[in-house]
Structures are given as structure tokens and as C-alpha cells.
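Trainee: Build the 3D model from these lines:
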Amino acid sequence: MKKKLIVATALVLVLAMSVTLFVGCDEIFKKNDKRDAQQVVASVTYNGEFGKQTENVYKFELASSFNSYAYYYVNYYGMTYEATANYLAQSLAQQKLLVLFAKEKVAKLEGKNSLPANITELLSAAERNKAIEDTNKSLLDSLVSTVESLITEDNANTTNSDATKKDTTETKVTDPVYVRFESNGGSTVEKQKIQKGSVATEPDDPTKSGYTFYGWYADENFTGKEFDFEKTTVSETITLYAKWVEYVSPRTALPEVEEEDDYDPDSTEDVKLADKFFSAEYKAQLLDDTKEDSLFTTEFLEADFVDNIVVDDGKTLVSVLKDYINEGLSEMETNLKNNLYKDNVEDCYNYYLDSQHQSLLVARLKRMVGNSAQVTEQEIKEEFEAQVAKNKETFAGSDSSYESALTSTLNKTYYHPQADQGYGFVINILFKLDSESMNTLNAMAKNDPTNVEAILLTRNRLIADMTAYVSNPKYDSTAVVEDADGKKIELRDPMTDAKNPYNNVGGNQDTTYQVEGGNNYNQIVEFKKVDDAYQIVYNATEHPAMAYLSNKVSVFDKDGQIGLIHQIHNSLNQVKAAVEAKEITKEEGVYWLREVATTWAYLVSDDPGATSSDSNNNGLGYLVSPEGKDSSFLADFTDYARSLITAGTGSFANGDVTNDMFNGTLTADGQFAGDKKAFVVADSLVSDGKASASDSAYAGVFVLLNSYTVWDADNVSSDTEKKGDVLGSMSENTLPSNYVMTFAKKSSDVKTLYDVIYDTILEAKKNDLYNSEVNTMVASQKDGIEYFDKVIKQLYKDLT
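Mentor: Sure, this is the predicted structure:
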């Protein structure tokens, strides 16, 4: 079924660059000569108070748009090529009209009496700089793509022409010997029958789940060197043995911290404009191999496609890569001039820069028109009451609809039924017993399912001795290890390959990528003030190619080592202390508690769901129901989570916690002192006084943070300026005005219920004002657009 295309009456602000103009590509129709491409598709005239303005839509612009979007309109919306061409011509013409309108309207709103010579006079320095940066970014992305294509194409050509092919000539064996392959639990490798005194053929690497293959050895104890298939002749029947090293799959990598965007389009401060893409200064950045943060390094040298470069004798990787960049620039410049029909690349750049200026001008118009929007207390009250009524209707007699609202539209849930006022979210950090330990417990469960006491005691002893891999905070799956000459070292696994100088496998570990002074395994994550601002600090790191820290760490305190559970509590307590010292607000504290707990989840948790956007409810964690409601979680986990939810948002311990709770020592009855206080121990083996063995069974220790108690009087804002008596009342099962809906790093970004409703109404009013203004303009100026149908027809004529 084809989708129906809805053409909005208000113009959409999309003045984007067309990728088809950056590079040479196959197109639906062929390029025409310069004269043909510069035919006028539509003439646009705007008659305003400051006089008449005119603009044209050219055939090459419509061609570019047509190449980019025609396929989707024809195949997805069911439009004809003719209708598509006409629709796109109309859109482009209306965009031109919108810019002409914005030019006059913004000038008037800024108190000018005439049109400026250039629209940049209407933009702030910040906007002009953003236009340059955005244009540069689009062109840089195109250059990277072009260079990658050039490298891939050359590599393919080299492979096809120069690669050594296996000799398929069958050699007659008159004096046979055999080479047998013992894969040691890996996939089967067929034996080889070869002529005595010849060399064997190296087979494809076998595979074994959970292990990395480290080559074939003539000795079953893997002494000596790896067997050399190219140089070692075989004079008697031999057996080669596969060497395996356990492989630990990387956890989900920590998301990169996004730099705060300090772009303020209305700032009056002066801004130094960035270098333009084709300028000598910018090109110098593209070829600067002396800085780690240069464009050459970050965009090209560190890219995966660089691995495909073949470096000839007498050249270096850097020099060859620079040649490719220069070739890519030359190709881009040629394509741009050809596709835009301009004489020099500077004019091409300015064409795109003008498009960005126009886009920012229209954005400025929208802001200025919307500045007159106002929201009344009555409107806020009416919106609140309407949403409460909708909540009551939706939740009536349905637990599932209420739970669904909490996980999908929490910011629109203002009414909470009395029976449901106990839900909350917890961030889960799980340390899970390994498969060997679970095999032990499963065997006990199979042998005697009723001997629960012995099974739980064994479980606790195994958990008390657990160690865990800690993910490297700097891990980057694309990173490579290089030698002193900058050449990539081929590694089977950066964690276990002795050729990696940065791991501790071969001894003499290079600690260049560890924190200054060496890794601190006693407090890997810390919340502290740096340069007068609180932040999360990592006290242990490795080379980015390494998925984990070199050393495993005990889960509980042991032999002078502070365990991971204790470390988690320490860092959460650091946030709590900052709140108590009034260095950060209560709301900022909740934000940081979530950030610290989430960081630990990425670094140590064996629960992938805790960091998955499909199950962690936008970072809040798992939704836990109150007592009396069904729960899909383990019983002990549920009970402990509920105790934290009852304690309030930001809770991570049930009652007072002492250091002895973290040492893993079991009490006389085989229990942990900190169980259900600082953490909870749980398993899926034992239920209702009986054990049930299962291959999917698991057990471990869970550290939880209550990230949000949905109905919590302590979630009322601590900011006395926040309005608290305008809306709702917890006594009436509705949230009050100053109930915090969004916790944030900065107090200014914290949103209460009142703020959420106010912002929603205000944004809608701003959009309405803008759309009304634009629609009125289009209605009065539409006769100023003249379309040249004959030229438009030429675009799709060849397709029929």
C-alpha cells in the first residue's frame, strides 16, 4: 500500500545541501551543459514594504533535489515522476520565497528601514560562524567518503592483479606423510596427505566459542614457536595442536560524553570565524600529521579504511594517506565545479554557505516571531486538568496501562491511582557467577533438589570469592595498537596477545595509556570536583584497543583490595556528600547518582539489559511494581528494590551500611552481612524451598540505585522559586506544580511539572505564530511565483 503524502500548508525549514552535488554519481537523468542547467525553473518575486525582491530556482537545483528524493516519492508515496518534479519545484520556490520574506521581516524586527545588502548583516557572529562550521562539516564528510572510496578501489585493484593465488595444481604423492590437526575442542580440521619433505598447507583457522585461536603448535604443551607452514618441511607424520586462549567479549562501550553546545545564536559577543573549507588554512589542518587532534589524525589516520592502504617501498603510511587526501580534494573540486556550473571552487563553497545563511535567517525569524508568545496560568491549569482527566480514563481498572504510561509517557503522567503509588525505577549492577560455578550449583540441584541450605551456602561462598573484569573506560572498538614507527601491530586479541606492549601478558607492560601515576584499582570511578566543577573521574584506564583493564578486581574487599561493591558505594556516597555540603542541589545530586550508577553498569555489570536502550527506560533502569503487584524479577531482587523505592529517589542502601558489609565474610548462618542492605544476593535456582537445575539458571549479587520513585514527596523541588501551589495536590493523587519531572546536571535545566506544561504550551504557541505568519505571507505572495513548465518537463521526459 502506498503512503499518502501530506503537503503541509506551512513551509518546512529545510535548506539543506544536496549530497548529489558533492560527488560524481549515477543519476536518474544525465547532466546537461552549463547553459541548459542554468535555465530558470521558477521565478520568485516578493513584494514587501521595503520594495521588490526576486530570486530564481535553476534547473540544476531542481535536478539535484530530484535525484535525491524522486525515488522515495515515486516508490513510497506512489507519485508519478511528473508530479514529483512539480512538487519539488514548488517546494524549492516556496523556500526561496520564505527567505525573501525572512530577509525583510527580520530587518524590520531589528529596527532597520531598508533591506541589507547581504543577509549576513542580519545574523550574529555566532550564526555566521555556525554557517561556516556546518558547511565545512558537510564537505569534510564528503571528503572522507571520497578518500575511503579511492583507497578501497585501489586496494581492490591491487588484490585482483597482484594477489598470490593458491596453487590448485594437484601434486602426485609418491612417498606420503600425514599432517593431522588436533583442534582441542575447536571446529574440525581435515588431515592433509602430502609428499614427504614438502610443506603443509595452512588451513583456515578453526573456531571455538569463547576462545581466541593462537595458532598451531607441534607440541601439545605449546612450547617453542608457532608452527611455520611456509618454511617447515614435513618428513614424517605429525600432529599439530590448536592453541586457544579464553576470550572475553567486550561489554557495551561507554557512550562518548557529548560536549556541551555553547552555541547561542542571539549572543552579541564577537566570535572568531572558522577557516573555510577550501582555504589554505583549512587544507593545512587536513594535512597536519603533528597533532593528535588534527583533522588529518581524527578523520583519516584513525579511520578503519586506512588499514586497506598498501604502502610501497620508500613511502610511509602518512605520506600515502596525504596523497589520497589531495587526490580526494582534487576530485571533489572538479565535481563541485561541474555540478554547480561554476568557474572556481570558492564560488561553489559560497553557494553552500549562502544556503546555511538562509537556513539560519529563517530560524532567526521563527525565534523573533515566537518571542511574542505568552502562556497564562489559566492555560496551564486547563492543560493540567485535561491531562489528569485523560490519565484517569486511561488507568481506570488497568494496571498494564498505568505501567505502560510510566515507561513511555512519564512526563505526561500527572495522576497516580492510590493503589499504584509505589512504583519506581532501579539501575541494576549485576555481578554474575561464571559458568563453572553455575555447573557446580546445577549439579547439586540435580543431585538433591531439597538440600536448599547446602546449595545456598555453596552459592554464597562462590559469590564471596568472585572477581570481575572491569571494562576499560577508554575502550574504542576501532582503535589499533601501533609500533614505534606508527605501523599497526596485527593482534589476535589486544587483551591476550603478547605482541601488544600495553597488556601484561608478555611482561614489561607499557603504562603510557594508564592514568598518571599508575592505575588505582581501589577506586576506579570517583565523583569529585575538578577545576571548580564536579565530574566523574576514571582512576584506571588502558590503551583504547583493550576492552578491559589489565587486572581483574575482587567483587568484595579482600587482601587489602577494596572490592567493586564497596567502590560503587564510595562513589555514590561522594555524590551524597556533595549534596549534604550544599555544593550541588538535591536535584543535581539525583542526576549525578544516576550518572555514577550508569557508569558502573557499563564498566562491570553482567546485565546487558541495564545499558540497553530497549530495556532501561531512557536510562532510568527497570520499572519495579509495588508490593501486592506481580513482578517478573527474582523474588529477593524485587523485595530489595521495593525497599529502596520506599526509601525514596536516590536511595542505594536499605538502612545504615558499615564497612564490614563489604568484606564478603559470611555470618555463622552462611549469609552476607550486607545482603538486602548494601546489595542483594539472588538466584534463579531456588524457589519455594526447592532447587531446580537449568542451563539458563544464574546467580549473583546485585547493587541497585533507586533512580526514581514515581510517587515521592521528596521529589518536590528544593527551589523555593518553583511554583508549588498552582496545580495538583498529592492528597488528591495528582502531582503538585513543583514536582520534579526532569533531573539535570544544572539547576537551570531541572524541570518541574509546571515547567513541563509551560514549555509545551509555549513551544506550541511559538510554532502557531510562526506558521500563521508564514501561511499568511504565502497566501498573499503566491502569485509572485511563476513556474516554467516546459523546463520542468525536461527533467522527467527521458524517463517515459
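Trainee: Pull the contacting residues for residue 624.
Mentor: Counting by C-beta atoms under 8 Å, 6 or more residues apart in numbering, residue 624 touches 423-426, 631, 633, 638, 641-642, 645. For the C-beta atoms, the positions are set from N, CA and C on the backbone; glycine is no exception.
Trainee: So for it, what's the nearest residue that isn't a sequence neighbour?
Mentor: Nearest residue to residue 624, sequence neighbours excluded (C-beta to C-beta, 6 or more residues apart in numbering): residue 641, at 4.4 Å.
Trainee: cool, residue 343 as well?
Mentor: Nearest one to residue 343, counting by C-beta to C-beta, 6+ apart, is residue 337 at 7.1 Å.
Trainee: any weak-confidence spans in the chain?
Mentor: Within the chain, the segments meeting pLDDT under 70 span 1-32, 156-171, 260, 720, 722-725, 798-800.
Trainee: contacting residues around the residue nearest in space to the middle of the chain?
Mentor: Centroid-nearest residue in the chain, with C-alpha atoms, centre = their mean: residue 255, separated by 5.8 Å. Applying C-beta under 8 Å, 6+ apart to residue 255 gives the contacts residue 602.
Trainee: Would you double-check that it falls in a helix?
Mentor: No - counting by DSSP: H, G, I helix; E, B strand; the rest coil, residue 255 is not part of a helix but coil.
Trainee: Would you mind listing the buried residues in the helix ranked longest in the chain?
Mentor: Within the chain, and with DSSP state H defining each element, the longest helix by residue count is helix 125-162. For helix 125-162, burial by neighbour count (16 or more other C-beta atoms under 10 Å) applies to 126-132, 134-136, 138-140, 142-148, 150-151, 154.
Trainee: do stretch 514-534 as well
Mentor: Under the neighbour-count criterion of 16+ other C-beta under 10 Å, stretch 514-534 has 514-515, 519, 521-522, 524-527, 534 buried.
Trainee: again, but for stretch 457-476
Mentor: Applying 16+ other C-beta under 10 Å to stretch 457-476 flags 458-460, 462-464, 466-476 as buried.
Trainee: Look up phi and psi at the residue lying closest to residue 676 once chain neighbours are set aside.
Mentor: Spatially, and ignoring its direct neighbours in sequence, residue 676 is nearest to residue 640 (5.2 Å; C-beta to C-beta, 6+ apart). Residue 640 adopts backbone torsions of phi -70, psi -40, taken as degrees, to the nearest 10.
Trainee: Name all residues that make contact with the residue nearest to residue 624.
Mentor: Contacts of residue 641 (C-beta under 8 Å, 6+ apart): 424, 426, 622, 624, 633, 704, 706.
Trainee: show me what contacts residue 767?
Mentor: Listed by C-beta under 8 Å, 6+ apart, the contact partners of residue 767 are residue 370.
Trainee: quick check: longest strand of this structure.
Mentor: strand 699-709 (DSSP state E).
Trainee: What is that one packed up against?
Mentor: strand 424-432, helix 435-447, helix 452-464, helix 564-580, helix 586-604, helix 635-647, strand 680-683 (3 or more C-beta pairs under 8 Å, 6 or more residues apart in numbering; DSSP states H and E).
Trainee: What are the buried residues along stretch 601-619?
Mentor: Within stretch 601-619, the residues scored as buried using 16+ other C-beta under 10 Å are 601-607, 610-611, 616-617, 619.
Trainee: Repeat that for stretch 335-348.
Mentor: For stretch 335-348, by 16+ other C-beta under 10 Å, it's 335-336, 339-342, 345, 348.
Trainee: Out of the residues you listed, which two sit at the greatest distance?
Mentor: The largest separation in those, counting by C-beta to C-beta, is between 341 and 345 at 12.7 Å.
Trainee: just to revisit the earlier point, present the buried residues of stretch 514-534 as CSV; the columns should include secondary structure and distance to residue 320.
Mentor: Formatted as CSV, the buried residues of stretch 514-534 follow (DSSP: H, G, I helix; E, B strand; the rest coil; distance: C-beta to C-beta, whole Å):
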residue, secondary structure, distance to residue 320
514, coil, 32
515, coil, 35
519, coil, 36
521, coil, 42
522, coil, 46
524, coil, 40
525, strand, 41
526, strand, 43
527, strand, 45
534, strand, 46
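Trainee: Does residue 246 touch residue 214 like I think?
Mentor: No - contact criterion C-beta atoms under 8 Å: residue 246 and residue 214 do not qualify, at 10.9 Å.
Trainee: Neighbour count for the two, which is higher?
Mentor: Using other C-beta atoms under 10 Å, the more surrounded residue of residue 246 and residue 214 is residue 214, with 18 against 11.
Trainee: residues touching that one, list them.
Mentor: 226, 243-245, 492, 497.
Trainee: domains for the chain, by residue range?
Mentor: 176-246, 422-469+552-565+576-709, 479-544 (automatic domain parsing).
Trainee: highest average neighbour count across the ones you listed?
Mentor: Of all those, domain 422-469+552-565+576-709 has the most neighbours on average by mean count of other C-beta atoms under 10 Å, namely a mean of 19.
Trainee: Return the distance of it from the chain's centre.
Mentor: Domain 422-469+552-565+576-709 sits 27 Å away from the centroid of its parent chain (C-alpha atoms, centre = their mean, to the nearest Å).
Trainee: ditto for stretch 310-318
Mentor: Counting by C-alpha atoms, centre = their mean, stretch 310-318 comes out at 35 Å from the chain centroid.
Trainee: just stretch 64-73 next, same as before
Mentor: 29 Å.
Trainee: what comes up buried for it?
Mentor: 64-68, 70, 73.
Trainee: swap in stretch 392-411?
Mentor: For stretch 392-411, by 16+ other C-beta under 10 Å, it's 395, 402-403, 405-406, 410.
Trainee: Just put those residues in CSV and tack on secondary structure.
Mentor: As requested, those are exported to CSV (three-state DSSP):
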residue, secondary structure
395, helix
402, helix
403, helix
405, helix
406, helix
410, helix
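Trainee: how about the buried residues of stretch 601-619 in TSV, adding distance to residue 389?
Mentor: TSV is the format used below for the buried residues of stretch 601-619 (distance: C-beta to C-beta, whole Å):
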residue	distance to residue 389
601	38
602	41
603	45
604	45
605	41
606	44
607	39
610	36
611	37
616	31
617	25
619	30
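Trainee: which one of those sits closest to residue 194?
Mentor: residue 606 (46.8 Å).
Trainee: so the closest one touches residue 432, yeah?
Mentor: Yes - the criterion here is C-beta under 8 Å, and residue 606 meets it with residue 432 at 3.9 Å.
Trainee: Now the common contact residues for the two.
Mentor: Contacts common to residue 606 and residue 432, judged by C-beta under 8 Å, 6+ apart, are residue 700.
Trainee: between the helices and strands packed on strand 699-709, which one is nearest to residue 276?
Mentor: Once these are compared by C-beta to C-beta, helix 586-604 is nearest, at 38.1 Å.
Trainee: Give me the helices and strands touching the closest one, please.
Mentor: Against helix 586-604 (3+ C-beta pairs under 8 Å, 6+ apart) you get strand 424-432, strand 525-530, strand 533-538, helix 564-580, strand 699-709.
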